[in-house]
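Participant: I would like to see how this sequence folds:
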Amino acid sequence: MDMGIWFLIGAALVFFMQCGFAMVETGFTRAKNAGNIIMKNTMDFCIGTVVFMLLGFGIMMGEHTFFGLIGSPDWTLFVDFKNFDWSSFVFQLVFCATAATIVSGSMAERTKFSSYCIYSAVISLIVYPIEAGWVWGNGGWLANLSYIDFAGSSVIHMVGGVTALIGAMFLGPRIGKYTRDKSGKVTKVNAIPGHSITLAALGVFILWFGWYGFNGAAAGDVTEMAQIFATTTVAPAVATVVCMIFTWVKDGKPDVGMCMNAALAGLVGITAGCASVDIIGAAIIGAVDGIIVDLAVEIVDKKFYIDDPVGAFAVHGVNGCWGTIAVGLFAENEKYGSLGLFYGGGFHQLGIQLLGVVCILAYTIVVMTVVFKIIAATNGLRVSEAEEIEGLDVTEHGLTSAYADFMPAAPAIGMESTGAVDLAGVAPTALTLGTALAEKSHKYTKVSIICNEDHFGELRDTLATIGVTGMTVSQVMGCGTQKGKIGRYRGVSVSMNLLPKVQVDIVVSKVDPQLVVAAAQKVLKTGKYGDGKIFVCDVEDIVKVRTGETGFAALQDESDK
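Facilitator: Alright, predicted model coming up:
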């Protein structure tokens, strides 16, 4: 296989990971901000391309460096197109965009779009290129020490994760995330579930697929590439299994969202040592990833009260740090450095790894703190409370809904039916009373029935048998005093869970409302929580828009007249 071609294919796979990040972040956040999330992920790559081309690539990969700290750009890409190393440029560009987009999730749902664009430009222009040049650039000082970060656990993920934490701290939590008393002390941590676990899962699988290019693109030959594929598969798999067991034991149920985070944590953790550790080392790294990602999410959320909607710091920052240090423990070959501590290499490689992690961390924390301080002081970081509540799709982009075509689909639900329910023995007085009385009194009554979706078909057919010919059906969300089926979302208890229901509104005059209520009860009652509720109220008047008829006449069909 031509490894040069594979190098570019790998770059394309890394680019495709942008789709994965967009899906994960969108799924773990609310639908009213979906368009904003997608826009930010799109602009991370597009803005990153412009500034990386102008300066970032030259700083990172320049042939001449200042004491191995920063490259000297020569802008050859603008003056010698035919002879320029475009493979290197494209490859480094897609990695740079990955570091930038990690931050999007942690700052989701309350960040000014303009401020995010400024941040994205700065990290791709000077922040990432400088520290990445230390490790992968020509004459980088960490590269000269044989610091091992094969594909970017620290260079990309740790930097992105720590930046995500700093950004979330500057922004503050989303409205409603923490309940505080009058003194401002947090008394309760509230879960804010994302709108689509399915979408998030799709993103995780796309990222996992792209990670084979992320880790494997720089392989020296097919044998090494296969070994990298193996470690890149085992670590996230073990991490996910361990996290499933850990959350199952700790919380009583396996946590779906946390297990998806664990898969990504395993991928992040193995990225630095994917070409240096064996399968046992990969499994151990993954096992640790699966535990610390859960602990880190909960510590950040419940102890430090920092709102990170997607767990970006736990997944990328914590596990990027751990994975890089782990190379100093489990490196089993000397192709890229020394053997690890547990493979007879002593503390030499471990010391180098620790030095690199500390320096990259210190640089990132200092620079990104300054960057966010400047943005906050000049342009402002956060949208207003009103804008946050309404949603960033409409307030920042004029997008009414990212799912506009899907919203009217509600009436199709629950159309299946086993037929009308037999009403024999139900409200006999209601069955025999009324039509004549109703016609004489012309009393109008509205009956609103809220029920489970799966009972709507039987309810509709049963009401038709007693003469109900019209109804309005709406899909609604709600819960009663039991607050829905309360569970946990990414380690946090859900205090109220709104469940999907159907609301059926009927206005009757000829048909006795007591009969409507009795029929609905017969259909819906199971004796369990969540059967629904029925509301009965008087209606003052009715107007049929087509004919202008009012009152009793407005309720009748042509055939009834």
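Participant: Quickly find the element holding residue 210.
Facilitator: Residue 210 belongs to helix 197-216 when assigned by DSSP states H and E.
Participant: Need the mean per-residue confidence for that helix.
Facilitator: What helix 197-216 shows for mean pLDDT is 97.
Participant: Which strands and helices lie in contact with whichever helix or strand comes after it?
Facilitator: The C-terminal neighbour of helix 197-216 among helices and strands, as given by DSSP H and E, is helix 222-251. The contact analysis (3 or more CB pairs under 8 Å, 6 or more residues apart in numbering; DSSP states H and E) places helix 222-251 against helix 197-216, helix 256-271, helix 279-298. In short, each C-beta sits where N, CA and C put it, glycine included.
Participant: Residue 161 is nearest to which of the ones you listed?
Facilitator: Closest of the helices and strands packed on helix 222-251 to residue 161 is helix 256-271, at 8.2 Å (criterion: CB to CB).
Participant: model confidence over that closest one, on average?
Facilitator: Here helix 256-271 scores 98 as its mean pLDDT.
Participant: tell me the angle of that helix relative to helix 279-298?
Facilitator: 130 degrees (axes from the mean of the first three to the mean of the last three CA atoms, to 10 degrees).
Participant: starting at the chain centroid, how far to helix 256-271?
Facilitator: 13 Å (CA atoms, centre = their mean, to the nearest Å).
Participant: before we move on, what about stretch 6-22?
Facilitator: Distance, centroid of stretch 6-22 to centroid of chain: 19 Å (CA atoms, centre = their mean).
Participant: Could you give me the buried positions within it?
Facilitator: 6-8, 10-11, 13-15, 17-22 (16 or more other CB atoms under 10 Å).
Participant: in the helix holding residue 210, what's buried?
Facilitator: By neighbour count with 16+ other CB under 10 Å, helix 197-216 contains the buried residues 199-204, 206-208, 210-216.
Participant: Pick out the most distant pair among the residues you listed.
Facilitator: The most distant members of these, if one measures by CB to CB, are 199 and 216, lying 26.4 Å apart.
Participant: if we can go back for a sec, who does the helix holding residue 210 touch, helix- and strand-wise?
Facilitator: Using 3+ CB pairs under 8 Å, 6+ apart, helix 197-216 sits against helix 3-27, helix 222-251, helix 256-271.
Participant: between the last one and helix 3-27, how many degrees?
Facilitator: Computed with the same axes, to 10 degrees, the direction of helix 256-271 lies at 150 degrees from that of helix 3-27.
Participant: So residue 169 versus residue 130, what's the distance?
Facilitator: 23 Å (CB to CB, to the nearest Å).
Participant: Which stretches in the protein count as strands?
Facilitator: Secondary structure of the chain (DSSP state E): strands at 65-66, 70-71, 178-180, 186-189, 444-451, 472-478, 488-489, 492-493, 499-508, 533-539.
Participant: ok now do residue 267, which residues does it touch?
Facilitator: 207, 208, 211, 232, 235, 236 (CB atoms under 8 Å, 6 or more residues apart in numbering).
Participant: With distance to residue 308 added, can I get those in CSV?
Facilitator: Below are the contacts of residue 267 laid out as CSV (distance: CB to CB, whole Å):
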residue, distance to residue 308
207, 18
208, 21
211, 21
232, 25
235, 23
236, 20
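Participant: wait, residue 393 sits on residue 37?
Facilitator: No: with contact defined as CB atoms under 8 Å, residue 393 does not count as touching residue 37 (9.1 Å).
Participant: Which one of these two is surrounded by more residues?
Facilitator: More neighbours surround residue 37 than the other of residue 393 and residue 37, with 28 against 23 (other CB atoms under 10 Å).
Participant: What residues does the more buried one make contact with?
Facilitator: Taking CB under 8 Å, 6+ apart, one finds 22, 25, 26, 29, 104, 105, 108 in contact with residue 37.
Participant: Redo the strands of the chain as TSV? Include mean neighbour count.
Facilitator: As requested, those are exported to TSV (neighbours: other CB atoms under 10 Å):
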stretch	mean neighbour count
strand 65-66	15
strand 70-71	22
strand 178-180	14
strand 186-189	13
strand 444-451	20
strand 472-478	13
strand 488-489	18
strand 492-493	16
strand 499-508	19
strand 533-539	12
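Participant: Out of those, the one nearest residue 398 is which?
Facilitator: Residue 398 lies closest to strand 472-478 among these, at 25.6 Å (CB to CB).
Participant: Just want the angle from the closest one to strand 499-508.
Facilitator: 150 degrees.
Participant: you'd agree residue 338 is up against residue 349?
Facilitator: Yes: between residue 338 and residue 349 there is a contact under CB under 8 Å: 4.1 Å.
Participant: Of the contacts of residue 267, which is the nearest to residue 399?
Facilitator: Lowest distance from residue 399 to the contacts of residue 267 (CB to CB) belongs to residue 207, with 25.2 Å.
Participant: residues contacting the closest residue to the closest one other than its chain neighbours?
Facilitator: Once flanking residues are discounted, residue 207 sits nearest to residue 20: 3.6 Å by CB to CB, 6 or more residues apart in numbering. For residue 20, the contacting residues are 203, 204, 205, 206, 207, 209, 210, by CB under 8 Å, 6+ apart.
Participant: ok, the residue nearest to the first one when sequence neighbours are not counted - how many residues close by?
Facilitator: In space, and not counting its chain neighbours, residue 203 is closest to residue 23: 3.0 Å by CB to CB, 6+ apart. Look at residue 23: counted by other CB under 10 Å, it has 24 neighbours.
Participant: same question, residue 176
Facilitator: Residue 176 - counted by other CB under 10 Å - has 10 other residues nearby.
Participant: Please shift the residue numbers so they start at 42 in all later answers.
Facilitator: Got it, first residue is 42 now, which makes that one residue 217.
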